[in-house]
Structures are given as structure tokens and as C-alpha cells.
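Chemist: Just to be clear, the model below is a prediction. Sequence and coordinates:
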Amino acid sequence: MVAAIPGENLAALATAAPDRYDFRPVRQWTELTEAVRGWPVEMAVVDPQWRTDGLEALERFRIMFPSLPVLIYTRLAPETAGPLLALAGLGAQRALFYGLDDDPETLRSVLNHGWEQSVACQVLRAVTGLIQDVPSRLQQALDSTLCASGPFPTVDALAERAQVRRRTCERWFARRGLPSPRTVLILGRLLQAHRLLLDPGYNVEDVALKLGFRRSKTMQMHFREVFGMTAGEARLGLTPAAALANVASRYFAHPWTASQAAS
């Protein structure tokens, strides 16, 4: 999570969920946009009073990245009323007030809710819906692997998280008529890439970097293979429901419809 907030607020966040979330502070509003483009950020925690021109900067930010959950974490004061109303109209998820309703339990609950609204979590739920009857530890390993930041996820990493050998992992998928683990990981990343590309603040190179592709050409190759179009064409011509239905009908055996994908 990226944090554009004062130091005392950041300290409160860090103590609320030290083992689950990594908070990356920024120093200026311009760095907030750079961080979201370049880091695997799933949520932003912001204070419109943190720096001058905060409302204008955050309004631009919300227009550029409408899919990114935003938590406003600020001090309760008369001057915060206007910015709060404006940002709520732009889709900010929640507001907490420093020293009033930011006890650790409330902070954890709000952060968890924000994570559940993130693109990564939405795609994870979609992919999970396509995969049935796999051992629970493999499902948990797949969840954590798809959500992991850094380099592109590998089958070896998936098998290690499931505490099995790679061949065992591959057999689990094959016995249930599923695509190979490598294919599932690629499909999960492509669905996430497509959803991010719907935000005007990202370009193809940004998304490829965020999702661990070594080169944007590699991501483009996978887009052509899976969707029959480039990432730019998919950005303009596919809805999230249509992208999911395409993946389901081509790669998974059980019936799937666009209406199910949209539900």
C-alpha cells in the first residue's frame, strides 16, 4: 500500500497490520502517481491536508486510477469537510480520523476491506471461481502466488507454497482437467493486466512492469495468444466480464457465461 500521510498516521497504520501489509511512504503528491505506476500497489492511504494543493492532486489521482481503493486518513477539522465530500464523490472508499476512530482493530478492518476491493483480489476471486476440487493447500498457495509482488510468478514458487514437488502440483491440475499451473498463472496475470489497463493512468509498459513481466513484448505476446488482440486493443474492446468469459470458455472445461462472469 502506498501512503501519502503524516508520519504519526503512518506509524499507526504500521502497528495495526505489521505482518500483512507493506506501507510505502511518499514525500510529494507527484510521487504518489509514480508509486502507483511503478510499484505493485493495491491501495492508497491519503490525507488531503498532508501537503498543499492536496484536494487538486487527489482529484487528478482518482481520475487517473479509479480502480485503486483509497482510504482517507486525516485529522478531524472544519477544513477537511470540503475535501472529504469531493473525494467521496470520486469514489474514495472510507475516511478515518486520527485519534478518534483509528484503533488498531478498526484500522485492520478497513484495510482488509480495501484489499478486498482491489483489482488483485477481484481477479483472484474470478480465477478461484474457475478452479474447482483442488486440495485446499493448493488453493491457498495459488491465492498467495497470484497476489505476490515482484517477479512473474512461477510454477516452482506455487509448488513451494503448497509444500509439494513441481510434478505433484502439475498432476493435481491435470487430474482435474485444468490448464497447466503455468497457464493458470499467466491467465491470472493477464486478467489483472486487462483490468488495470482500463484505468487511464496506466500504459502498457506500466502494467507489464507492475505485474512482473520482464518485457512489455512478453505481455503483448500472451494477450495475442489468449484474447486474439494486443493489450491496447483489449483495453478498448473488452469489458472485464468479457475477458473473464473468454478465458473460461477457452481454457476451462465447465460451462461459463458472460452473465456468470459479471455476477
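Modeler: Good, I have the coordinates. Residues are numbered from 1 along each chain as shown.
Chemist: residue ranges for the helices of the stretch 151-263 of the chain, please.
Modeler: Taking DSSP state H, counting those that start in this stretch to define them, one finds helices in the stretch 151-263 of the chain at 155-162, 166-175, 181-197, 204-210, 216-227, 231-237, 240-251, 258-262.
Chemist: Which residues in the longest one does the neighbour count mark as buried?
Modeler: Of the residues in helix 181-197, those scored as buried under the neighbour-count criterion (16 or more other CB atoms under 10 Å) are 181, 184-197. Glycine gets a C-beta too; all of them are placed from N, C-alpha and C.
Chemist: other SSEs contacting that helix?
Modeler: Applying 3 or more CB pairs under 8 Å, 6 or more residues apart in numbering; DSSP states H and E, one finds that helix 181-197 makes contact with helix 119-130, helix 136-147, helix 155-162, helix 166-175, helix 204-210, helix 216-227, helix 231-237, helix 240-251.
Chemist: could you give the angle of that helix to helix 240-251?
Modeler: 160 degrees (axes from the mean of the first three to the mean of the last three CA atoms, to 10 degrees).
Chemist: returning to what we had before: quick one: closest of the helices of the stretch 151-263 of the chain to Cys121.
Modeler: Closest to Cys121 of these, according to CB to CB: helix 181-197, at 10.1 Å.
Chemist: quick one: the residue lying closest to Glu42 once chain neighbours are set aside and Pro135, what's the gap?
Modeler: Ranked by CB to CB, 6 or more residues apart in numbering and with sequence neighbours excluded, the top spatial neighbour of Glu42 is Ser118, at 4.0 Å. As for Ser118, its distance to Pro135 is 26 Å (criterion: CB to CB, to the nearest Å).
Chemist: Please identify which of those two sits among more neighbours.
Modeler: Comparing Ser118 with Pro135 by other CB atoms under 10 Å, the one with more neighbours is Ser118, at 19 against 11.
Chemist: Tell me the spacing between the more buried one and Glu170.
Modeler: From Ser118 to Glu170 the distance is 29 Å (CB to CB).
Chemist: rewinding a little: how about JSON lines for the helices and strands packed on helix 181-197, with distance to Glu79 and mean neighbour count added?
Modeler: JSON lines is the format used below for the helices and strands packed on helix 181-197 (distance: least, CB to CB, whole Å; neighbours: other CB atoms under 10 Å):
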{"stretch": "helix 119-130", "distance to Glu79": "32", "mean neighbour count": "19"}
{"stretch": "helix 136-147", "distance to Glu79": "38", "mean neighbour count": "17"}
{"stretch": "helix 155-162", "distance to Glu79": "47", "mean neighbour count": "19"}
{"stretch": "helix 166-175", "distance to Glu79": "55", "mean neighbour count": "15"}
{"stretch": "helix 204-210", "distance to Glu79": "34", "mean neighbour count": "19"}
{"stretch": "helix 216-227", "distance to Glu79": "43", "mean neighbour count": "16"}
{"stretch": "helix 231-237", "distance to Glu79": "39", "mean neighbour count": "16"}
{"stretch": "helix 240-251", "distance to Glu79": "38", "mean neighbour count": "19"}
